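Asks: Let me see the structure of the following:
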Amino acid sequence: MESKKWKYILCAYIRQHCYSVCMFMIYASIFIIIFYLYDIEAEAVLYASGLCLLLTMTVLFAHFFDYRKRQLEQLRILKNIEIMNDVLPRPRTLAEADAQEMIYRLKKKYDEKQTAWQQERQEHMDYYTTWVHQIKTPISIMRMTLQAEDTNEHRELLVQLFRIEQYVEMVLSYLRLDSESSDLVFQKYQLDDLIREAIHKYASQFVRKRIRLRYEPINEMVLTDEKWLLFMIEQILSNAVKYTQEGEVTITITKEKVLQIADTGIGIAPEDLPRIFEKGFTGYNGRSDKKSTGLGLYLCRMAADKLSHQIWAESEVGKGTVFSIDLNRKEMDIL
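Replies: Have a look, this model is predicted:
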């Protein structure tokens, strides 16, 4: 690494001063020609040229090492620019001083814009968060009203109301995951408790579509954030129910601590599989369904990144899909 820096700086120095070196060589050539034309002894010319060359090389070596020291300092600042953006090297020339003044003024403008943007973004976040919590009240009242009478119409309305609740929760999750602030709480949780909570939420959907659920207690402790892992499991179960018309959904865990949720649904096309975690990507299934937002799996990937979990999918069209979440991590002390 050091040798590469040396070569890089040396090449940059040569390119920067090649004009001056060429001019020096031209001047030296002119003097040699003139001395020769005036029949000055070659020994005197060579002696003077040697002294000039020695002095020039000495100055160039000293200047190069100073140049190298300065460049290394600039590289160090560039590498740590986020914490050292106010510490620039002392300018040597008027041009450097002007350049640094422009940098400082641009940074000041950037900081002002960044502060204004953060305030505006926080206001939007507060508004939508308040909206989500406020809309939950009429949704709850509508649910109680519809549950008061068991009719086919009311059952269908409850299904649509459940979807509304999902979309509302997705809005709040999207805002939280996209926020720079972190509300993660890492602890050891009983995985069965999270799975049962997710199953309970979608139990009515399983019953309505007559989809069998295969799940046996896993009895596994995982180090994670309870809220966001539960969110991931719920999103995967939601997709499993949505795209499975008949058959079953199976929840298991491997010896390597990989949670797997498999369904016997319509599957995912091979050309869509690599992109299912992209924002807004719905693929063939989403386009045919006409109701997919393309956000659920994208939010799952964002949550997995925050939790340092790995998430992936394997699928075969017409046979089903298996989503895997790698929950394995090195043991660490929990305070």
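Asks: Confirm Thr250 sits in a helix?
Replies: No - counting by DSSP: H, G, I helix; E, B strand; the rest coil, Thr250 is not part of a helix but strand.
Asks: That one and Gln190, how far apart?
Replies: Distance, Thr250 to Gln190, by CB to CB, to the nearest Å: 20 Å. Using the backbone N, CA and C atoms, a C-beta is placed for each residue, glycine as well.
Asks: which stretches of this protein have low pLDDT?
Replies: Residue ranges of the chain with pLDDT under 70: 1-6, 42, 45, 81-86, 179-182, 283-294, 329-335.
Asks: that older thread, out of Thr250 and Gln190, which sits in the busier spot?
Replies: Legend: neighbour count by other CB atoms under 10 Å for Thr250 and Gln190, higher for Thr250 (18 against 15).
Asks: ok, and the closest non-adjacent residue to the more buried one?
Replies: Closest residue to Thr250 apart from its sequence neighbours, by CB to CB, 6 or more residues apart in numbering: Arg214 at 4.2 Å.
Asks: Confirm that that neighbour sits in a helix.
Replies: No - according to three-state DSSP, Arg214 belongs to no helix; its state is strand.
Asks: my read: it touches Ile251, true?
Replies: Yes - contact criterion CB atoms under 8 Å: Arg214 and Ile251 qualify, at 7.1 Å.
Asks: The nearest residue to Met232 once chain neighbours are set aside: what secondary structure?
Replies: Spatially, and ignoring its direct neighbours in sequence, Met232 is nearest to Cys300 (4.8 Å; CB to CB, 6+ apart). Put simply, Cys300 is helix when judged by three-state DSSP.
Asks: Mind telling me what element Val171 is part of?
Replies: Applying DSSP states H and E as the criterion places Val171 in helix 152-178.
Asks: Next: Asp111.
Replies: When elements are assigned from DSSP H and E, Asp111 belongs to helix 94-147.
Asks: any idea of the angle that helix forms with helix 152-178?
Replies: 160 degrees (axes from the mean of the first three to the mean of the last three CA atoms, to 10 degrees).
Asks: Tell me which other helices or strands helix 94-147 touches.
Replies: Under the contact criterion of 3 or more CB pairs under 8 Å, 6 or more residues apart in numbering; DSSP states H and E, helix 94-147 touches helix 152-178.
Asks: which of the residues in the helix it packs on are buried?
Replies: By neighbour count on 16 or more other CB atoms under 10 Å, the buried set for helix 152-178 is 158, 161-162, 165-166, 168, 170-171, 173-177.
Asks: Could you point out the helix or strand that follows it?
Replies: Toward the C-terminus, helix 152-178 is succeeded by strand 186-190 as the next helix or strand (DSSP H and E).
Asks: Give me the contacts around whichever helix or strand comes after that next one.
Replies: The helix or strand immediately downstream of strand 186-190 is helix 191-209, counting by DSSP H and E. For helix 191-209, the external contacting residues (CB atoms under 8 Å, 6 or more residues apart in numbering) are 155, 158-159, 162, 211-213, 215, 217-222, 226, 229-230, 233-234, 237-238, 241, 244-246, 249, 251, 253, 259, 327.
Asks: Take these and keep only those in helices.
Replies: Mapping the contacts of helix 191-209 onto helices (DSSP state H) picks out Arg155, Leu158, Val159, Phe162, Glu226, Leu229, Leu230, Ile233, Glu234, Leu237, Ser238, Val241.
Asks: Pull the distance from the helix or strand where Tyr36 lies to the chain's centre.
Replies: Using DSSP H and E, Tyr36 sits in helix 2-37. In terms of CA atoms, centre = their mean, to the nearest Å, the gap separating the centre of helix 2-37 from the centre of its chain is 47 Å.
Asks: Now it: buried residues?
Replies: Ile9, Tyr13, Ile32, Phe35.
Asks: elements contacting that helix?
Replies: helix 42-79.
Asks: and the helix it packs on, what does it pack onto?
Replies: If you count contacts as 3+ CB pairs under 8 Å, 6+ apart, helix 42-79 packs onto helix 2-37.
Asks: Could you check the angle the helix it packs on makes with helix 42-79?
Replies: Using the same axes, to 10 degrees: helix 2-37 against helix 42-79 is 150 degrees.
Asks: and Tyr67, what does it touch?
Replies: Tyr67 neighbours (CB under 8 Å, 6+ apart): Ile9, Tyr13.
Asks: Can you tell me how far it is from Leu106?
Replies: Tyr67 is 26 Å from Leu106, by CB to CB.
Asks: swap in Arg208?
Replies: For Arg208, the distance to Leu106 - CB to CB - is 59 Å.
Asks: who has more neighbours, those two?
Replies: Between Arg208 and Leu106, counted using other CB under 10 Å, Arg208 has the larger neighbour count: 15 against 10.
Asks: quick one: Met142 from Phe35, how far?
Replies: 103 Å.
Asks: And Gln119, by the same measure?
Replies: 74 Å.
Asks: same deal with Thr282?
Replies: 83 Å.
Asks: isn't Leu299 right up against Glu234?
Replies: No - Leu299 lies out of contact with Glu234 (CB under 8 Å); the separation is 10.6 Å.
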